[in-house]
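Have a look; sequence and predicted model below, questions after that.
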Amino acid sequence: MADPASVLILNGPNLNMLGVREPEIYGHETLADIDAACKQKATALGLTVDFRQSNSEAELVTWIQQARDGQDAVVINAGALTHTSVALLDALSILEMPVIELHLSNIYAREDFRHRSFIAPAASGVICGFGALGYDLALDAVHRLLTEE
Ligand code: CA2
């Protein structure tokens, strides 16, 4: 039997603070809660998940590059780097696999500077505004994209 498809879920700067501050914007769940929910959802879909967070743009770029060896899809909540990072765009553009851009909040209902995503051109699709549910939806999307390939 073939190995289950592996999904790299990346979380950028400050997302380690989830559940600690600003619950009115980002919800009450911690990143550890979301990690656990993703693992449960992945098991139900027959996927495996590698869930990571970094405050470092360089580390995120390295992980994206490494996804080419063994990962089948990437889900990324790049945090504030979404709105600034050509380096993440370039790294994601190299991938030949589904890439889902994800945000907890509806970035289009917030400040103008959040309306622009540098990484969106490299994404297969974008999910935002559904809180932690967005991670669940992203795994559904990855599953569909991989099984319809
Ligand atoms: O809505 C999202 O998921 C964002 O990617 C979150 C980023 C923000 O810069 C993006 O515009 C949208 C911020 C992540 C910081 O998360 C915090 C969580 C709790 C307390 C403080 C920050």
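Noted; the coordinates are in hand. Nothing here was measured: the structure is a model prediction, and the numbers come from that model.

Contacts made by the helix or strand of the chain with the lowest mean pLDDT with the rest, please.
Ranking every helix and strand in the chain by mean pLDDT, DSSP states H and E puts helix 23-26 at the bottom, with a mean of 85. Residues from elsewhere that reach helix 23-26 (Cβ atoms under 8 Å, 6 or more residues apart in numbering): 18-19, 104-105, 131. Heads up, the C-betas are built off the backbone N, CA and C, glycines and all.

cool, and stretch 49-59?
Stretch 49-59 is contacted by residues 6-16, 31, 34-35, 38-39, 42, 60, 63, 71, 81, 85, 87-88, 139 when judged by Cβ under 8 Å, 6+ apart.

are any of these buried, and which?
Those of the contacts of stretch 49-59 that meet the buried threshold are 7-13, 15-16, 31, 34-35, 38-39, 42, 60, 63, 71, 81, 85, 87-88, 139, by 16 or more other Cβ atoms under 10 Å.

Contacting the ligand as well, which ones from these?
Filtering the buried ones among the contacts of stretch 49-59 for proximity to the ligand (criterion: Cβ under 6 Å from any ligand atom) leaves L15.

Cross the buried ones among the contacts of stretch 49-59 against helices and list the overlap.
Under the assignment DSSP state H, those contribute 31, 34-35, 38-39, 42, 60, 63, 87-88, 139 to helices.

Out of the residues you listed, which comes closest to E148?
Nearest to E148, judged by Cβ to Cβ, of those is L139 at 14.8 Å.

The nearest residue to that closest one once chain neighbours are set aside: neighbouring residues, count only.
Nearest residue to L139, sequence neighbours excluded (Cβ to Cβ, 6 or more residues apart in numbering): K41, at 5.0 Å. As a burial measure, K41 scores 18 neighbours (other Cβ atoms under 10 Å).

What is the nearest of the ones in helices among the buried ones among the contacts of stretch 49-59 to P98?
P98 has its nearest neighbour among these in L139, at 11.0 Å by Cβ to Cβ.

The closest one against A73, yeah?
No - with contact defined as Cβ atoms under 8 Å, L139 does not reach A73; the gap is 9.1 Å.

what touches both of these two?
V7.

what sits against the closest residue to S117 other than its chain neighbours?
Nearest residue to S117, sequence neighbours excluded (Cβ to Cβ, 6+ apart): T82, at 5.1 Å. Counting by Cβ under 8 Å, 6+ apart, T82 makes contact with 12, 88, 101, 103, 107, 114, 117-119.
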